[in-house]
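S.K.: Output the structure for:
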Amino acid sequence: MALIEIKNVRKQYTSGEEVVEALRGIDISIEAGEFITIMGQSGSGKSTLLSVLGGMNHPTTGEVEMAGVKLYQLASEKLADFRAENLGFVFQAFNLIPYLTAIENVMLPLVIVKMSRSAKKNTARQALERVGLGSKLERLPNQLSGGEQERVAIARAIVNNPHILLADEPTGNLDSKTSDEVMALFRELNDAGQTVVMVTHNPENGAYSDRTIHLKDGRVEQDPA
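M.R.: Residues are numbered from 1 along each chain as shown. Sure thing, here's the model as predicted:
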């Protein structure tokens with residue numbers, strides 16, 4: 001069975017008297033260990049799809065099943081727990097806390113985990129070492145380059161060893177050289193067994209993934225698998 005099953009997912013928004021269909025019957029299967037990129041023009045529904053997949057945006061109709069769990073049949077508290085235990089999120093706008101050091105930012109998802117502070121710090125240090133920032137644990141975000149800030153954001157997303165890493169335009173604010181470095185890091189994480197689903201507008205990023213799903217007007221336009 002696939003790790004992720006998206007079945008006939010539709011998402012509608014009401015804007016005044018107008019009904020906007022962001023997703024129009026999406027069916028996608030993703031296997032454990034795959035690296036998937038989701039591409040499409042602005043307004044194609046790709047970020048909406050990622051938010052639905054991440055348990056943050058209830059679909060109008062359809063099902064999202066992850067590791068055998070039907071996400072939107074869970075009570076809101078159980079859904080929040082499932083997200084915290086199984087999903088890591090990386091966003092275009094880093095979302096780092098400016099007055100916390102790199103290691104303190106990475107420790108944030110561990111707040112709800114029952115372990116000692118020293119164990120949490122050690123776990124966060126290991127995550128930063130995985131992304132090549134073992135020497136910059138005590139730097140504040142404004143003391144890091146854009147690429148380094150994105151690496152901190154990735155370390156924060158993987159610190160709780162999630163089954164699935166979701167990334168929304170993670171290279172959108174980076175120059176091409178830094179983008180390549182960050183994409184190579186995602187590839188390394190995937191090669192180590194991490195399932196990655198990434199929304200991107202950059203066709204070059206698709207070269208790092210196993211498969212690219214193209215969206216157009218809320219529908220899957222092409223799925224080569």
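S.K.: show me where the protein has strands.
M.R.: 4-15, 18-30, 35-39, 61-66, 69-70, 87-91, 164-168, 195-200, 211-216, 219-222 (DSSP state E).
S.K.: where's the residue nearest the centre of the chain relative to residue 20, distance?
M.R.: By Cα atoms, centre = their mean, the chain has its centre lying nearest to residue 166, at 1.5 Å. Remark: distance between residue 166 and residue 20 (Cβ to Cβ, to the nearest Å) = 23 Å. Bear in mind the C-beta positions are built from the backbone N, C-alpha and C, glycine included.
S.K.: for residue 155, same thing?
M.R.: In terms of Cβ to Cβ, residue 155 sits 36 Å off from residue 20.
S.K.: more crowded one of those two?
M.R.: Relative neighbour count places residue 155 above the other of residue 155 and residue 20, with 26 against 11, counting by other Cβ atoms under 10 Å.
S.K.: what residues are up against the more buried one?
M.R.: 102, 106, 124, 127-128, 130-131, 133 (Cβ atoms under 8 Å, 6 or more residues apart in numbering).
S.K.: Next: residue 193.
M.R.: Residues near residue 193 by Cβ under 8 Å, 6+ apart: residue 33.
S.K.: Tell me, how many residues neighbour the closest residue in space to residue 184 that isn't next to it in sequence?
M.R.: Nearest non-adjacent residue to residue 184, counting by Cβ to Cβ, 6 or more residues apart in numbering: residue 208, 7.3 Å away. Residue neighbour count, defined by other Cβ under 10 Å, stands at 20 for residue 208.
S.K.: in the helix or strand of the chain with the lowest mean pLDDT, what's buried?
M.R.: Within the chain, no helix or strand scores below strand 219-222, which has a mean of 82 by mean pLDDT, DSSP states H and E. Using 16 or more other Cβ atoms under 10 Å as the test for burial, strand 219-222 gives 219-220.
S.K.: name the helices or strands packed onto it?
M.R.: strand 18-30, strand 211-216 (3 or more Cβ pairs under 8 Å, 6 or more residues apart in numbering; DSSP states H and E).
S.K.: Can you pull out the low-pLDDT segments for this structure?
M.R.: 1, 222-225 (pLDDT under 70).
S.K.: and the lengthiest helix in it, C-alpha only, in CSV?
M.R.: Longest helix of the chain, by residue count under DSSP state H: helix 176-191. C-alpha atoms of helix 176-191 as CSV (Å, rounded to 0.1, in the frame of the first residue of the first chain):
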residue,chain,number,x,y,z
SER,A,176,20.6,29.6,-8.3
LYS,A,177,23.9,28.4,-6.7
THR,A,178,22.3,28.3,-3.2
SER,A,179,19.2,26.7,-4.7
ASP,A,180,21.3,23.9,-6.2
GLU,A,181,23.0,23.3,-2.8
VAL,A,182,19.6,23.1,-1.0
MET,A,183,18.2,20.8,-3.6
ALA,A,184,21.2,18.5,-3.3
LEU,A,185,20.5,18.4,0.4
PHE,A,186,16.9,17.3,-0.1
ARG,A,187,18.3,14.6,-2.5
GLU,A,188,20.7,13.5,0.2
LEU,A,189,17.9,13.3,2.8
ASN,A,190,15.8,11.3,0.3
ASP,A,191,18.6,8.9,-0.5
